[in-house]
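A.B. asks: Following is a predicted model, sequence given first.
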Amino acid sequence: MSFEHEKRAARRILAGIEDGKLSTYETFELVSEADPALIYFIFAWLRAHYPSSNSLSDGVLGRLGRLCTEYPKAARRAAAGESDSIVAWFQEGHRYGDYNADAFIDLIVDKLES
């Protein structure tokens, strides 16, 4: 079964933080409607792909920090998602760095929705 709507929304959240084309408010609106585990995964993927050695990390992680500072509910949703069993499943057999954005979103949304 395909979950294209959920995948598009997840990609939009990730891209909104990654490239800054969405306002903080627009990103928060999407985050507030998404599964907390998905939000945890998106935040973790961004942190893994933008370490301080990456020249783009200041912008990407700055937007992520701004989102969580201006909208603490976003940070709380991500923290709540960390306890989901799918997070343990992923971390036992996968690495965030092994997936590009599209492959990662496909894998996670398919697993969350199954």
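C.D. replies: Nice, I can see it.
A.B. asks: Please make it C-alpha for all contacts and neighbour counts, starting now.
C.D. replies: Noted.
A.B. asks: And for Ile105, the neighbour number?
C.D. replies: 23 (other Cα atoms under 10 Å).
A.B. asks: That should have said Asn54, apologies.
C.D. replies: For Asn54, the count of nearby residues is 9 (other Cα under 10 Å).
A.B. asks: May I have the phi/psi pair for it?
C.D. replies: Reported as degrees, to the nearest 10, the phi and psi values for Asn54 are phi -80, psi 130.
A.B. asks: Can you tell me how far it is from Glu82?
C.D. replies: Separation of Asn54 from Glu82 (Cα to Cα, to the nearest Å): 25 Å.
A.B. asks: Check Glu70 too.
C.D. replies: For Glu70, the distance to Glu82 (Cα to Cα) stands at 21 Å.
A.B. asks: for the helix or strand harbouring Leu64, packing partners?
C.D. replies: Element membership of Leu64, judged by DSSP states H and E, is helix 57-70. Here helix 57-70 is seen to pack against helix 4-19, helix 24-33, helix 36-49, helix 72-81 when contacts are counted using 3 or more Cα pairs under 8 Å, 6 or more residues apart in numbering; DSSP states H and E.
A.B. asks: Ignoring the adjacent residues along the chain, who's closest to Tyr96?
C.D. replies: Excluding the flanking residues, the one nearest Tyr96 by Cα to Cα, 6 or more residues apart in numbering is Trp45, at 5.6 Å.
A.B. asks: In terms of pLDDT, where does the one you found sit?
C.D. replies: Trp45 is assigned a predicted lDDT (pLDDT) of 98.
A.B. asks: And for Ser2?
C.D. replies: Per-residue confidence (pLDDT) for Ser2: 58.
A.B. asks: which residue is nearest the centroid of the chain?
C.D. replies: In the chain, the centroid-proximal residue (Cα atoms, centre = their mean) is Ile42; its distance is 1.3 Å.
A.B. asks: Could you report the pLDDT at the closest residue to it other than its chain neighbours?
C.D. replies: Nearest residue to Ile42, sequence neighbours excluded (Cα to Cα, 6+ apart): Leu14, at 6.2 Å. pLDDT, Leu14: 97.
A.B. asks: Since that was my last question, I'll sign off now.
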